[in-house]
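J.: Provided below are the primary sequence and the corresponding predicted coordinates.
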Amino acid sequence: MPEKVLTNRDLESMIDTSDEWITTRTGIRQRHIVSVGENNSDLAVGASRAALEMAGVEASEIDLIIVGTLTPDMPMPSVACLVQRELGAGKAGAFDVSATCSGFLYSLSIADKFVRDNPSMKILVIGSEVLSRRTNWEDRTTCVLFADGAGAAVVTASDGDSGILSTCLHADGSVWDLLTIKGLGTAHPIDQELLSKGWQYIEMKGKDVFKHAVRALESVAHESMEKAGWNNDDLDLLIAHQANIRILDFLRERLNLPKEKVFINIDKYGNTSAASIPIALDEAWRSGRLKKGDNVLMISFGGGFTWAGVTMRW
Ligand code: COA
């Protein structure tokens with residue numbers, strides 16, 4: 001995480017909002033945001049170094065680097081190439097995946113296929129975002145939600161019965177305009193008109209997104225578990241994209257899970273898009289919430305829309 005912390009109290013002095021509104025409607029109490037000069041690739045490199053150390057793998061052994069992100073340092077080169085250079089991962093191929101908040105699970109699914117095809121491969125999978133630079137800090141309906149951060153995993157062939165059991169990827173482009181950053185691509189010239197419309201920032205129809213998110217997440221949770229041959233009782237931990245505490249509470253009820261089986265850290269980090277699942281996975285493992293042999297379900301939902309589910313035995 002970037003070091004700088006922005007609390008709800010800080011936001012109270014910037015826009016017309018309150019700690020009480022943000023906490024009850026979203027579950028967020030604080031978020032981390034980058035400082036001047038700190039970029040997406042810096043966060044991605046930090047997370048990658050931690051993952052490589054935890055895995056006991058050298059950067060020079062990595063065959064492929066995949067970064068899920070919607071906020072790259074620049075359109076070209078990819079964040080993955082910048083990470084490759086910084087780590088000195090000389091033999092690795094590198095590319096970014098554009099699947100918004102599902103970027104990490106889409107990337108993990110791709111890595112899974114590569115490793116199944118060639119079990120000697122070692123793949124670095126990263127979710128990394130700097131959403132604070134695509135946030136309109138005058139729009140109270142979005143700026144209280146989004147934040148920055150990165151997480152990473154080293155994916156290799158497993159021995160024994162641990163590993164990824166099922167992957168499910170989905171999208172629905174017909175409702176693309178409910179959650180967008182319209183400018184800064186090639187469809188619109190970057191001119192005064194674009195900037196005055198605020199198209200360089202995240203725009204969201206929050207209530208509509210909420211309704212789509214809960215439906216899609218519940219459905220992909222069932223689909224992923226069914227593919228893995230699990231019923232609800234088999235699940236030890238649900239790691240869902242941290243977008244809103246009310247979405248997480250809804251899922252807990254619909255999936256009939258006790259509180260201790262649903263991982264929550266949105267209070268500390270806000271919505272970090274593609275980074276939220278690997279950050280949560282790392283915290284769950286380091287804190288002992290996730291134990292060897294546990295059945296983990298990861299599910300995500302984001303702009304596009306995209307949604308995804310991955311089950312694994314840890
Ligand atoms: N502080 C204080 N008031 C705020 C506010 C803020 N930060 N943001 C909005 N409000 C106000 C609204 O202006 C509105 O006021 P009004 O009734 O006078 O018009 C009121 O609060 C209710 O707004 P509403 O949009 O109905 O709130 P909500 O309960 O739908 O919550 C979200 C808003 C954004 C928290 C919620 O819709 C949401 O989480 N949606 C999903 C977002 C998401 O997860 N996106 C990412 C997917 S990856």
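T.: Good, I have the coordinates. Small disclaimer: the values here were computed from a predicted structure and weren't measured.
J.: only C-alpha atoms from now on, for both contacts and neighbour counts.
T.: OK.
J.: ranges for the strands of the chain?
T.: Using DSSP state E, the strands of the chain run over residues 5-7, 30-32, 64-68, 93-97, 123-130, 148-155, 163-171, 179-180, 203-204, 237-240, 295-302, 306-313.
J.: and of the ones you listed, who's closest to the ligand?
T.: strand 295-302 (3.8 Å; C-alpha to the nearest ligand atom).
J.: quick one: contacts of the closest one?
T.: Applying C-alpha atoms under 8 Å, 6 or more residues apart in numbering, the external contacts of strand 295-302 come out as 99-102, 105, 213, 216-217, 220-221, 224-225, 234-241, 273, 277, 307-314.
J.: of those residues, which ones also sit close to the ligand?
T.: With C-alpha under 6 Å from any ligand atom as the criterion, those include residue 101 near the ligand.
J.: which of the contacts of strand 295-302 are buried, as a PyMOL select command?
T.: The buried residues among those can be selected in PyMOL (16 or more other C-alpha atoms under 10 Å) with this line:
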select buried, resi 99+100+101+102+105+213+216+217+220+221+224+225+235+236+237+238+239+240+241+273+277+307+308+309+310+311+312+313
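J.: of the strands of the chain, flag the one that's most buried.
T.: Of all those, strand 123-130 carries the top mean neighbour count, a mean of 32, counting by mean count of other C-alpha atoms under 10 Å.
J.: in PDB, list the C-alpha atoms belonging to whichever helix in the chain runs longest.
T.: As assigned by DSSP state H, the longest helix anywhere in the chain is helix 206-228. The C-alpha coordinates for helix 206-228 follow below in PDB (Å, rounded to 0.1, in the frame of the first residue of the first chain):
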ATOM      1  CA  GLY A 206     -24.000   3.800  -8.100                       C
ATOM      2  CA  LYS A 207     -27.400   2.300  -7.500                       C
ATOM      3  CA  ASP A 208     -27.500   0.500 -10.900                       C
ATOM      4  CA  VAL A 209     -24.000  -0.800 -10.400                       C
ATOM      5  CA  PHE A 210     -24.900  -2.000  -6.900                       C
ATOM      6  CA  LYS A 211     -27.900  -4.100  -8.300                       C
ATOM      7  CA  HIS A 212     -25.800  -5.600 -11.100                       C
ATOM      8  CA  ALA A 213     -23.000  -6.400  -8.700                       C
ATOM      9  CA  VAL A 214     -25.000  -8.300  -6.200                       C
ATOM     10  CA  ARG A 215     -26.700 -10.400  -8.800                       C
ATOM     11  CA  ALA A 216     -23.500 -11.200 -10.700                       C
ATOM     12  CA  LEU A 217     -21.500 -12.000  -7.600                       C
ATOM     13  CA  GLU A 218     -24.000 -14.300  -6.100                       C
ATOM     14  CA  SER A 219     -24.400 -16.100  -9.500                       C
ATOM     15  CA  VAL A 220     -20.700 -16.500 -10.100                       C
ATOM     16  CA  ALA A 221     -20.100 -17.700  -6.500                       C
ATOM     17  CA  HIS A 222     -22.600 -20.600  -7.100                       C
ATOM     18  CA  GLU A 223     -21.200 -21.300 -10.500                       C
ATOM     19  CA  SER A 224     -17.600 -21.400  -9.300                       C
ATOM     20  CA  MET A 225     -18.400 -23.700  -6.300                       C
ATOM     21  CA  GLU A 226     -20.500 -26.000  -8.500                       C
ATOM     22  CA  LYS A 227     -17.600 -26.400 -10.900                       C
ATOM     23  CA  ALA A 228     -15.300 -27.200  -8.000                       C
END
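J.: tell me which other helices or strands it touches.
T.: Packing partners of helix 206-228 (3 or more C-alpha pairs under 8 Å, 6 or more residues apart in numbering; DSSP states H and E): strand 163-171, helix 245-254, strand 295-302, strand 306-313.
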